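Visitor: from the sequence below, what's the structure:
(one chain, ligands or ions: 1)
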Amino acid sequence: MKLTEKVHSVLSQHLSLGDCAVDMTAGNGWDTLFLSKSVGESGHIFSFDIQKAAIAQTKKLMSGAEQTSNLTLFHSCHTKIEQKIPPSFYQKVKAITFNLGYLPTSNKTIITTPQSTLCALEKSYEWMAQDGVMTILAYRGHSGGLEETQTITEWTNRVPVHHEVIMGNESPESPVLYVIKKSERIL
Ligand SMILES: C[S@@+](CC[C@H](N)C(=O)[O-])C[C@H]1O[C@@H](n2cnc3c(N)ncnc32)[C@H](O)[C@@H]1O
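Guide: Numbers count the residues shown, from 1 in each chain. Predicted coordinates for the structure are as follows:
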């Protein structure tokens, strides 16, 4: 199973109709579409991306979806979570997904960075529900990717919950998936 499929498998185990979820990097919109289907019309998805092209692509993908009224798209950096998402969702977000790096088929120099990713991770963790899940898919093959992955590893080791780390394959450049469940606290 590809790590992107594993992400959807993990998210679907934690999401029900009516839930709230956040896509921290909308990109081409595939994760947003998946989340939207998982929570249905009674749920809500918030999706961030700093690139206009990604927002346009996500809108286009979602226009073919059954429900679109459950999505709020932010053309914004994901570190602005508390300024963008209404406070009524604080600690009610059931699933948060990060698919880091660059927008495929676009400008490969516009990428997530260790600094902004760390800031967004810390804030997202606060916004998660107690039974929520966070997935972080990090890439080590591009410039800055290894440093970003190391930053995430250090952060996951500081968070007081168990986390799972799944490697794409044995290559030192393979993607890495982190799965964090807030309920699995380290005592
Ligand atoms: C690998 S793509 C995401 C793929 C996407 N989840 C999908 O399903 O197609 C990474 C995205 O992160 C976005 N990005 C980079 N830095 C960001 C930031 N600080 N805040 C929000 N999005 C960012 C990029 O513009 C790019 O579209």
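Visitor: next, count neighbours for whichever residue of the chain sits closest to the ligand.
Guide: Ranking the residues of the chain by distance to the ligand (C-beta to the nearest ligand atom) places Gly27 first, at 2.5 Å. C-betas here are computed from N, CA, C, even on glycine. Using other C-beta atoms under 10 Å, the number of residues around Gly27 comes to 24.
Visitor: that one is in contact with Thr58, isn't it?
Guide: Yes: using C-beta atoms under 8 Å, Gly27 is in contact with Thr58, at 7.4 Å.
Visitor: any common contacting residues for these two?
Guide: Jointly contacting Gly27 and Thr58 under the rule C-beta atoms under 8 Å, 6 or more residues apart in numbering are Asp49.
Visitor: where do the strands sit along the chain?
Guide: For the chain, the strands defined by DSSP state E cover 20-23, 44-49, 71-75, 93-99, 128-138, 161-167, 176-185.
Visitor: leaving out the residues flanking it, which one is nearest to the most centrally placed residue in the chain?
Guide: Geometric centre of the chain, nearest residue: Thr97, 1.9 Å, by C-alpha atoms, centre = their mean. Spatial nearest neighbour of Thr97, excluding adjacent residues (C-beta to C-beta, 6 or more residues apart in numbering): Thr135 at 4.9 Å.
Visitor: Ile166: how many residues sit nearby?
Guide: 16.
Visitor: hmm, Ser174 and it touching each other?
Guide: No: if you go by C-beta under 8 Å, Ile166 and Ser174 don't touch, sitting 10.1 Å apart.
Visitor: what does this structure have sitting close to the ligand?
Guide: Residues of the chain lying close to the ligand by C-beta under 6 Å from any ligand atom are 25-31, 48-51, 54, 77-78, 99, 101-103, 110-112, 116.
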